[in-house]
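# What follows is a predicted structure for the sequence shown.
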Amino acid sequence: MVNENYDQMGQDIFKNVGGEENVDKVIHCMTRVRLTLKDEDKADIEKLKAIPGVLGVVEDETLQVVVGPGKVNKVAQSMVDSVGVKLGETFPQAQNTQPDNANLQNQTNQNKAAAKQKYNKPNKFKSILKSLANIFVPMIPALVGAGIVAGIASIFQNLVTAGTLTGDNITQFVTVLNVIKNGLFAYLAIYTGINAASEFGATPALGGTVGAVTLLSGVTPDTPIQNLFNGQDLAAGQGGIIGVIFAVWILSLVEKRLHKWVPDAVDIIVTPTLSLLAIGLATIYIIMPVAGVVSDGLLQFINVVLNIGGPVAGFVLGALFLPMVMLGLHQILIPIHLEMINQMGSTPLLPILAMSGAGQVGAAFALWLYFRHSKQQAELVQNIKGALPVGLLGVGEPLIYAVTLPLGRPFITACIGGGIGGAVIGMLGHVGAIAVGPSGWALIPLIANHKVVYYLIGLAAGYVGGFICTYFFGIPKDMKKAATEEVTAPAATNETPAVAETKPFTTELTAPVNGHLIALADVPDDVFSAGMMGEGVAIEPSDGHVVSPIAGTIQAVFPTKHAIGIIGDNNEEILIHMGLDTVSLQGQGFETLVEAGQTVKAGDPLTNMDLNVIKEAGYATVIPILVTNSADFASVTDVPAQDVQIGNTIITIKS
């Protein structure tokens with residue numbers, strides 16, 4: 001049953017990542033609480049997964065605890081409120097008073113991390129894509145909400161422009177919707193600057209200010225700022241979102257260096273002033289002008305392509321428009337559209353460029369179809385669900401920044417899909433728009449000369465092209481491999497054919513020790529009694545001979561010998577924890593008889609416990625026996641409290 005006590009869930013998360021003192025900051029996205037930890041080895045992944053309401057855990061550059069949409073903001077807010085900071089703020093430094101009560105899973109996680117470090121060499125390109133995702137993922141709810149509002153406003157505006165709807169009330173309604181939409185999109189550079197600063201380690205307010213610089217507030221036609229490279233006037237937004245991210249990255253380097261050089265007494269004054277002055281000037285006189293030079297060259301290229309005409313021009317323009325949007329260069333096309341409308345009555349360029357959004361939609365649908373059942377990609381699937389309706393309405397930012405661009409290859413295949421749609425429009429010809437407006441379905445009312453069918457054919461070609469290119473060629477290999485392993489993991493662990501996973505089975509766990517069986521809820525330890533590690537039972541042993549309760553493979557033997565993990569033949573993950581808090585004995589009183597990787601049968605000896613040594617040290621000898629992946633099975637049933645002997649059934653697992 002899902003736990004709706006968000007305060008308790010937040011505290012449970014803190015407890016199982018090493019406490020508040022082990023957390024640097026907390027943020028959240030649509031489905032996950034994201035924690036930046038000081039010591040990742042203190043995070044107990046299995047305990048986190050066992051928290052009621054937690055759907056899964058992803059280990060990445062940040063630890064991501066999946067709690068689902070609708071709950072995540074409440075849980076994350078509760079966590080930062082209990083510490084007295086805001087979301088994304090660094091936690092105050094605290095003395096770590098929590099004892100080092102590491103357990104078996106911690107050791108497993110350490111080994112896993114070491115393997116990742118050894119075999120997964122860092123990839124700079126992937127790091128860049130990951131940073132892009134970290135910048136834009138927190139904005140997804142706003143991008144989706146504002147995008148839908150923008151799509152609705154576009155439909156009504158285009159209907160008004162086409163003469164289908166009239167009236168001051170409709171115009172007023174569209175104006176109000178645009179004001180709401182512009183609350184995000186007019187200042188997207190500022191929000192991007194803030195998030196980029198958080199990602200790169202700069203001051204978020206300074207990052208937002210750098211983003212605002214690109215808006216050229218205060219610049220008027222009478223007081224322009226000239227491009228140093230060509231003498232033309234700079235345009236607000238020149239350089240685009242990518243320019244903002246690059247500028248903030250430079251800001252982070254400058255600010256960190258200044259913090260080292262500037263004396264503490266004047267750091268609060270000198271560092272932000274010099275950082276803003278240096279990066280502001282660089283943005284205005286270098287980054288934005290460079291984008292202007294690029295835009296001039298691109299404009300000449302577009303004119304050449306338009307002269308070529310036909311499907312070749314359609315493909316090139318449809319494929320290149322998304323990169324233009326990212327660089328803020330698409331604004332240079334507006335004069336071209338307007339001039340075409342003045343001379344020809346419509347612009348044939350806009351329907352072609354609109355196909356880029358169709359490629360995005362097709363690519364996103366391919367990703368959704370491929371990963372719709374993947375637990376590891378649950379957040380990606382949620383992002384696609386939110387961004388697809390917006391993309392259909394012609395607002396592409398959520399799909400670009402939250403789905404395809406962070407993954408790399410899908411962005412390229414989406415561009416190719418847009419090129420295919422553009423080629424179809426170019427081949428059909430004579431498809432124009434009577435006014436400049438958003439793309440997608442929202443552009444339909446503006447299609448001139450009764451060519452709506454041609455436009456819809458182009459959209460369909462873009463959808464299909466983006467889908468096919470992405471599904472077969474655009475999904476990154478590592479994501480494919482992870483998805484395949486996710487489906488076949490139980491079969492691979494068991495070394496049996498994958499089809500065996502679907503066969504129903506019943507597993508009986510037998511008592512690993514002689515003694516008195518008690519309910520897990522009666523164990524005097526919250527971690528076990530609350531079921532955070534999974535369902536199971538406990539035994540108060542009458543002697544210290546511990547054997548395997550199941551046939552399988554030893555997953556891990558904890559260095560202090562007090563806990564052993566076993567993987568059963570049907571992928572049952574069993575933890576035998578010998579005594580409570582016995583990790584502090586550092587192996588005294590335990591004689592381990594097996595090692596990791598060893599195959600065992602039910603009844604094979606595992607450990608000899610010296611009960612007298614454990615009791616004299618003041619520790620309880622009770623032995624919890626847990627099925628740590630209980631949620632993977634239809635039922636995990638234990639027997640009532642009673643005296644048991646080695647070999648007696650204590651737990652029944654059914655698939």
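It's in.

# List the contacts of residue 605.
Neighbour list for residue 605: 545, 546, 547, 548, 593, 594 [criterion: CB atoms under 8 Å, 6 or more residues apart in numbering]. For every residue, glycine as well, the C-beta is placed using N, CA and C.

# Residue 466 now?
358-363, 365-366, 413-414, 416-418, 420.

# Those in helices, which ones?
Here DSSP state H is the test, and the contacts of residue 466 give 358-363, 365-366, 413-414, 416-418, 420 as lying in helices.

# Distance-wise, check residue 186 relative to residue 401.
16 Å (CB to CB, to the nearest Å).

# from the contacts of residue 466, which is closest to residue 439?
Ranked by distance to residue 439 (CB to CB), these are led by residue 358 at 7.9 Å.

# Excluding sequence neighbours, find me the nearest residue to the closest one.
residue 462 (2.6 Å; CB to CB, 6 or more residues apart in numbering).

# Now do the one you found, the pLDDT please.
Note for residue 462: predicted pLDDT of 94.

# Correct me if wrong: it contacts residue 355.
Yes: Residue 462 lies in contact with residue 355 (CB atoms under 8 Å); the separation is 4.3 Å.

# Overlap in contacts, the two.
Common contacts of residue 462 and residue 355, defined by CB under 8 Å, 6+ apart, comprise 318, 418, 420, 421, 422, 424.

# can you tell me which residues contact the fourth one?
So that's residue 421. Listed by CB under 8 Å, 6+ apart, the contact set of residue 421 reads 318, 355, 356, 358, 359, 458, 459, 461, 462, 463, 465.

# All the strands of the stretch 401-550 of the chain, in order from the start?
Along the stretch 401-550 of the chain, the segments classed as strands by DSSP state E, counting those that start in this stretch run 506-510, 515-519, 535-541, 545-547.

# so of the ones you listed, which one's packed in deepest?
strand 535-541 (a mean of 23; mean count of other CB atoms under 10 Å).

# Remind me what that one packs against, helices and strands.
If contacts are counted by 3 or more CB pairs under 8 Å, 6 or more residues apart in numbering; DSSP states H and E, strand 535-541 sits against strand 515-519, strand 623-627, strand 635-638, strand 649-654.

# The first one - which strands sit beside it in the sheet, and in what orientation?
Strand 515-519 has the following sheet partners, assigned by DSSP bridges: strand 535-541 (antiparallel), strand 642-644 (antiparallel).

# okay, those strands in JSON lines with distance to residue 601 and mean pLDDT next?
Formatted as JSON lines, the strands paired with strand 515-519 follow (distance: least, CB to CB, whole Å; pLDDT from 0 to 100):
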{"stretch": "strand 535-541", "distance to residue 601": "20", "mean pLDDT": "93"}
{"stretch": "strand 642-644", "distance to residue 601": "19", "mean pLDDT": "93"}
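
# Reformat those as TSV; add distance to residue 58.
Below are the strands paired with strand 515-519 laid out as TSV (distance: least, CB to CB, whole Å):
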stretch	distance to residue 58
strand 535-541	23
strand 642-644	39
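
# Name the helix or strand of the protein that has the lowest mean pLDDT.
Least confident helix or strand of the chain, by mean pLDDT, DSSP states H and E, is helix 104-119 with a mean of 44.

# Could I get the phi/psi values of the residue nearest the centre of the chain?
Geometric centre of the chain, nearest residue: residue 379, 5.6 Å, by CA atoms, centre = their mean. Taking degrees, to the nearest 10, you get phi -70, psi -40 for the backbone angles of residue 379.

# Check residue 568 too.
The phi/psi pair for residue 568 (degrees, to the nearest 10) is phi -70, psi 170.

# for residue 587, same thing?
According to degrees, to the nearest 10, residue 587 has phi 100, psi -10.

# State the distance from it to residue 216.
67 Å.

# Neighbour count: these two, which is higher?
The residue with more neighbours, out of residue 587 and residue 216, is residue 216; 18 against 14, by other CB atoms under 10 Å.

# tell me the SS of the more buried one?
In the three-state summary, residue 216 is assigned as coil, counting by DSSP: H, G, I helix; E, B strand; the rest coil.

# Now do it, the pLDDT please.
pLDDT recorded at residue 216 is 92.

# so what's it up against?
Residues near residue 216 by CB under 8 Å, 6+ apart: 225, 234, 235, 236.

# Residue 275 now?
By CB under 8 Å, 6+ apart, the contact set of residue 275 is 202, 206, 251, 254, 255, 258.

# my guess is the first one contacts residue 252, does it?
Yes: checked against CB under 8 Å, the pair residue 202 and residue 252 is within contact range at 3.8 Å.
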